[in-house]
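Asks: kindly generate the corresponding structure for this input.
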Amino acid sequence: MKTALITGACVNTGVSIVKKFASEGYRVVFTGRDREKVLAAETEYKTLFPGTEIIGYALDSLLDERTVDEEAVRKMFDALDERGIFAETLVLNAADQGLG
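Replies: Numbers count the residues shown, from 1 in each chain. Here you go, the predicted structure:
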(Lines give C-alpha, C1' and ligand atoms only; values in the text may rest on other atoms or scores of the structure.)
Protein backbone atom coordinates (compact mmCIF):
# COMPACT_ATOMS: atom_id res chain seq x y z
CA MET A 1 0.00 0.00 0.00
CA LYS A 2 1.27 3.46 -0.88
CA THR A 3 1.71 5.85 2.02
CA ALA A 4 1.65 9.65 2.05
CA LEU A 5 3.11 11.61 4.98
CA ILE A 6 1.61 15.08 5.20
CA THR A 7 2.70 17.77 7.66
CA GLY A 8 0.36 20.53 8.80
CA ALA A 9 -2.70 18.47 7.94
CA CYS A 10 -5.31 19.52 10.49
CA VAL A 11 -6.48 22.79 8.93
CA ASN A 12 -6.82 24.64 5.65
CA THR A 13 -4.94 23.21 2.67
CA GLY A 14 -3.68 20.26 4.71
CA VAL A 15 -7.22 18.93 5.08
CA SER A 16 -7.73 18.95 1.31
CA ILE A 17 -4.38 17.25 0.76
CA VAL A 18 -5.26 14.44 3.19
CA LYS A 19 -8.66 13.97 1.55
CA LYS A 20 -7.11 13.79 -1.92
CA PHE A 21 -4.58 11.11 -0.99
CA ALA A 22 -7.12 9.12 1.07
CA SER A 23 -9.60 9.20 -1.82
CA GLU A 24 -6.90 7.76 -4.09
CA GLY A 25 -6.31 4.79 -1.78
CA TYR A 26 -3.19 5.91 0.02
CA ARG A 27 -2.53 5.14 3.65
CA VAL A 28 -2.23 8.62 5.17
CA VAL A 29 0.11 9.60 7.99
CA PHE A 30 -0.29 13.22 9.01
CA THR A 31 1.04 15.62 11.59
CA GLY A 32 -0.22 18.66 13.41
CA ARG A 33 1.07 20.64 16.36
CA ASP A 34 -1.99 20.49 18.61
CA ARG A 35 -2.91 17.09 20.05
CA GLU A 36 -6.64 17.85 20.27
CA LYS A 37 -6.75 19.05 16.66
CA VAL A 38 -4.86 15.97 15.50
CA LEU A 39 -7.28 13.65 17.31
CA ALA A 40 -10.31 15.52 15.93
CA ALA A 41 -8.90 15.48 12.40
CA GLU A 42 -8.01 11.79 12.63
CA THR A 43 -11.57 10.98 13.72
CA GLU A 44 -13.02 13.05 10.87
CA TYR A 45 -10.75 11.47 8.26
CA LYS A 46 -11.51 7.95 9.46
CA THR A 47 -15.24 8.70 9.28
CA LEU A 48 -14.93 10.10 5.76
CA PHE A 49 -12.68 7.28 4.55
CA PRO A 50 -13.62 4.06 6.35
CA GLY A 51 -11.28 1.25 5.46
CA THR A 52 -8.43 3.67 4.78
CA GLU A 53 -5.59 3.62 7.28
CA ILE A 54 -5.20 7.12 8.72
CA ILE A 55 -2.56 7.81 11.38
CA GLY A 56 -2.20 11.19 13.08
CA TYR A 57 0.75 12.42 15.12
CA ALA A 58 0.75 15.46 17.38
CA LEU A 59 4.20 16.69 16.56
CA ASP A 60 5.34 20.14 17.54
CA SER A 61 8.75 19.70 15.99
CA LEU A 62 10.04 23.20 16.72
CA LEU A 63 11.90 23.94 19.93
CA ASP A 64 11.90 27.61 18.98
CA GLU A 65 11.35 29.51 15.75
CA ARG A 66 14.62 28.27 14.23
CA THR A 67 15.38 24.94 15.95
CA VAL A 68 13.80 21.63 14.98
CA ASP A 69 13.25 19.03 17.71
CA GLU A 70 14.99 16.21 15.87
CA GLU A 71 14.20 13.71 18.64
CA ALA A 72 10.43 14.24 18.24
CA VAL A 73 10.71 13.68 14.50
CA ARG A 74 12.92 10.62 15.01
CA LYS A 75 10.40 9.09 17.44
CA MET A 76 7.63 9.42 14.86
CA PHE A 77 9.71 7.75 12.16
CA ASP A 78 10.81 5.01 14.60
CA ALA A 79 7.15 4.30 15.43
CA LEU A 80 6.29 4.11 11.72
CA ASP A 81 9.28 1.85 11.09
CA GLU A 82 8.19 -0.50 13.88
CA ARG A 83 4.86 -0.86 12.07
CA GLY A 84 6.57 -1.46 8.74
CA ILE A 85 5.29 1.80 7.29
CA PHE A 86 7.39 3.62 4.70
CA ALA A 87 6.15 6.88 3.19
CA GLU A 88 6.67 7.00 -0.56
CA THR A 89 5.17 10.48 -0.74
CA LEU A 90 6.04 13.43 1.50
CA VAL A 91 4.07 16.68 1.52
CA LEU A 92 5.67 19.44 3.62
CA ASN A 93 2.59 21.57 4.16
CA ALA A 94 3.22 22.90 7.69
CA ALA A 95 3.44 26.67 7.82
CA ASP A 96 6.82 26.61 9.54
CA GLN A 97 9.21 23.73 9.02
CA GLY A 98 12.03 25.38 10.96
CA LEU A 99 14.10 25.48 7.79
CA GLY A 100 16.07 28.56 7.08
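Asks: skipping adjacent residues, who's closest to residue 5 in space?
Replies: Closest residue to residue 5 apart from its sequence neighbours, by Cβ to Cβ, 6 or more residues apart in numbering: residue 87 at 3.8 Å. Heads up, the C-betas are built off the backbone N, CA and C, glycines and all.
Asks: do the same with residue 85
Replies: residue 3 (5.8 Å).
Asks: now do the one you found: how many residues are near it, please.
Replies: When counting by other Cβ atoms under 10 Å, one arrives at 18 neighbours for residue 3.
Asks: which strand residues bridge it?
Replies: Beta-bridge partners recorded for residue 3 (DSSP bridges): residue 27.
Asks: next: residue 89.
Replies: Beta-bridge pairing for residue 89 (DSSP bridges): residue 4.
Asks: what's the burial count for it?
Replies: By other Cβ under 10 Å, neighbour count at residue 89 equals 12.
Asks: tell me the confidence at it?
Replies: Note on residue 89: pLDDT of 98.
Asks: how about the one 3 residues further on?
Replies: Turning to residue 92, the model gives it a pLDDT of 93.
Asks: contacting residues for residue 76?
Replies: 31, 57, 59 (Cβ atoms under 8 Å, 6 or more residues apart in numbering).
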